[in-house]
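>>> Any chance you could fold what I've pasted below:
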Amino acid sequence: MREAEGFLRLTDLRENEAEWWEPIEIDYRGNRVVTASPPANSFPALVRLGMMSRFDPQALGHNTVDYLHTFAEVTKHAFWTRLAYAGDPDIAPPPLDRLLSESYWAEQAAKIDPGTASVFEPPMPVAHTGMNTTHYVVADRWGNVVSATQTLGNLFGARIMPEGTGIWLNNSLAYSTFEPEGNPMDAFPGRRKLSGDVPLFVVDEAGRPLVALGTPGGHTIGQTVPQIVMNHLDFGMDIQAAIAAPRISFVEPNALVLEEAFGTEMAEALEARGHRIGRSRALGNAHGLTLEWGGGGRPTTFTGGSDPRGVGRARGLVQAAAGGGSP
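Have a look, this model is predicted:
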């Protein structure tokens, strides 16, 4: 950092401490859905699921124009909540009691016009996002599961690798704008830097993980994850099918991006409802797994899903028993 004329010093690293935060969760159609709490900007994903719980996905139909229009309007509002309320929990905590309440979901869902797209009006400046992010999900034979998102920010991050480490430094400060004021991604001395990841779990009443998933994708992350959750919980898809299904995403300032897997007919139908349509080859690169539990509190089956949009894979490893016997 000194060689690059940066401002960080060893004292800053020594004074930094890892923190443990309690997760946040909602009930989605009888399922406990859990994700990271602030300073992670994961809460809009739960707002999306909460608002969608006010509708009947089965009646709308999976990835029909009615379903996609409804989710598009929901996801725009949840994007607005991130811009309006994201903040350091010690400085400006998001009002989660309200945002994650059924009354709020019902209030906002009632404002959606089933036939016409709304115009997105951001409450404050929008921070641009990076694209060099990875998500992985790992489980052991005892059912301990890690769902983790790691980002460098932009491609190769700061493009600086401290000699001998093999580790690229991130450039997440690039999302700070400072002028005009109000960008939730602005960084200040002594405050926590916000993140946009959504490592998500569905757990049973005992807190055991049933589903674990996540994805890279910048501001599309919080939109991709709820779509996978609904594919699995509402439409009964296995984790691989839920991840592989075509996706959409709202992109500022006011576009609805469809993956190329959606045909021209769908794009025209959504355009007829007032959406400004964009196209993308792929949105996200998700990974996930599901677990089944047997007697004795031990998992019996692990099923992994890897996104066909990327180059990852789902793989199970068998550990050999000590002494070279059977695994």
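
>>> For the closest residue in space to residue 115 that isn't next to it in sequence, give me its contacts.
Once flanking residues are discounted, residue 115 sits nearest to residue 273: 6.2 Å by Cβ to Cβ, 6 or more residues apart in numbering. From N, CA and C alone the C-beta is placed, and that goes for glycine too. Going by Cβ atoms under 8 Å, 6 or more residues apart in numbering, residue 273 touches 65, 69, 115, 116, 117.

>>> redo that, cut-off 6 Å
69, 116, 117 (Cβ atoms under 6 Å, 6 or more residues apart in numbering).

>>> In helices, which of those fall?
Per DSSP state H, helices hold the following members of these: residue 69.

>>> Ranking by neighbours, what's the top pick from the contacts of residue 273?
Ranked by the number of neighbours (other Cβ atoms under 10 Å), the contacts of residue 273 place residue 69 first, at 24 neighbours.

>>> nearest spatial neighbour of that residue, skipping sequence neighbours?
residue 273 (5.5 Å).

>>> Ok, residue 257 next?
Using Cβ to Cβ, 6+ apart, the closest residue to residue 257 is residue 278 (4.2 Å).

>>> How is that neighbour classified with respect to secondary structure?
Following DSSP: H, G, I helix; E, B strand; the rest coil, the label given to residue 278 is strand.

>>> what's the distance between it and residue 251?
Going from residue 278 to residue 251 by Cβ to Cβ, to the nearest Å gives 6 Å.

>>> give the contact list for residue 280.
Going by Cβ under 6 Å, 6+ apart, the list of residues near residue 280 reads 257, 259.

>>> what pLDDT does it get?
Note for residue 280: predicted pLDDT of 95.

>>> For it, give the beta-bridge partners.
Per DSSP bridges, residues listed as beta-bridge partners of residue 280: residue 259.

>>> so residue 14 sits in a helix?
Yes - per three-state DSSP, residue 14 lies within a helix segment.

>>> Go through stretch 229-246 and flag the buried ones.
Residues of stretch 229-246 classed as buried: 229-235, 237, 239-240, 242-246 (neighbour count, 16 or more other Cβ atoms under 10 Å).

>>> same check, this time on stretch 101-118
Those would be 104, 105, 108, 109, 112, 117, for stretch 101-118 by 16+ other Cβ under 10 Å.

>>> Please produce a markdown table containing the contacts of residue 273, extended by distance to residue 260.
A markdown table is the format used below for the contacts of residue 273 (distance: Cβ to Cβ, whole Å):
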| residue | distance to residue 260 |
| --- | --- |
| 69 | 19 |
| 116 | 25 |
| 117 | 21 |
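
>>> and which of the contacts of residue 273 is nearest residue 201?
Within those, the smallest distance to residue 201 is 28.9 Å, found for residue 69 (Cβ to Cβ).

>>> ok, that closest one to residue 274 distance?
Distance of residue 69 to residue 274, given as Cβ to Cβ: 9 Å.

>>> residue ranges with poor pLDDT in this protein?
Across the chain, the ranges flagged by pLDDT under 70 are 124-131, 319-327.

>>> Can you show me the strands along it?
Using DSSP state E, the strands assigned to the chain run over residues 24-28, 31-35, 133-139, 145-151, 200-203, 209-214, 248-251, 255-259, 277-280, 287-293, 299-306.

>>> which outside residues touch the third one?
With contact meaning Cβ under 6 Å, 6+ apart, strand 133-139 is reached by 145-151, 212, 214-216, 287-289, 302.

>>> again, but for the second one
Residues from elsewhere that reach strand 31-35 (Cβ under 6 Å, 6+ apart): 23, 25, 26, 42, 198, 200, 201, 202, 203, 233.

>>> Likewise for the fourth one?
Surrounding strand 145-151, the residues in contact under the criterion Cβ under 6 Å, 6+ apart are 133, 134, 135, 136, 137, 138, 139, 197, 199, 209, 212, 214.

>>> would you list those in TSV and tack on neighbour count?
Formatted as TSV, the contacts of strand 145-151 follow (neighbours: other Cβ atoms under 10 Å):
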residue	neighbour count
133	22
134	16
135	27
136	13
137	25
138	14
139	19
197	25
199	23
209	22
212	25
214	29
